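Enquirer: Turn this into a model:
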Amino acid sequence: MTNPTNWPNPERPGVPMFPNISGRHVLENKRRRSLKLVLWDHEEEHYCTEVGYMTPGNMVAMDWEYYAPCLTATQIAELLAGERERCAVTCEDNSVIMASDNKSIEIAINEILRITAEEIRKLGAVS
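Expert: Residues are numbered from 1 along each chain as shown. Model prediction:
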């Protein structure tokens with residue numbers, strides 16, 4: 001699962017987060033101030049509702065807006081693991097960049113960054 005960097009996409013109104021994965025999402029009707037749980041079918045690129053199928057364009061035309069994904073525990077764990085790994089890699093990359101004439105300071109800084117990267121990786125699942 002990848003995390004989008006620019007969402008919602010103004011060029012694709014109504015398209016859900018993670019459009020390449022079928023799953024449950026919440027839509028909001030601004031006029032009625034109501035929420036609806038629907039299923040996104042990524043192969044057909046439409047929402048499945050109790051009254052039929054709705055494309056993102058149809059949804060927007062009917063005053064519904066995309067509200068949020070309903071992520072499973074596994075999907076949340078994958079997102080968190082990916083974020084921890086990005087933090088750890090940043091720590092490791094910073095340890096390579098830091099250079100100093102004083103080798104003892106450089107070694108200490110690198111060791112702190114290495115330990116920090118290890119601790120981030122050990123965070124594990126949310127309890």
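Enquirer: Any idea how many residues pack against His46?
Expert: Other residues within reach of His46, judged by other Cβ atoms under 10 Å, total 19. Every residue, glycine included, has its C-beta placed from N, CA and C.
Enquirer: Quick check, it in contact with Gly57.
Expert: No. Judged on Cβ atoms under 8 Å, His46 makes no contact with Gly57 at a distance of 9.7 Å.
Enquirer: helix/strand/coil for Trp40?
Expert: strand (DSSP: H, G, I helix; E, B strand; the rest coil).
Enquirer: can you check the one 3 residues further on too?
Expert: Per three-state DSSP, the local secondary structure of Glu43 is coil.
Enquirer: distance of it from Arg31?
Expert: Using Cβ to Cβ, to the nearest Å, Glu43 is found at 30 Å from Arg31.
Enquirer: go on, Tyr47?
Expert: Tyr47 sits 18 Å away from Arg31, going by Cβ to Cβ.
Enquirer: Good, wrapping up.
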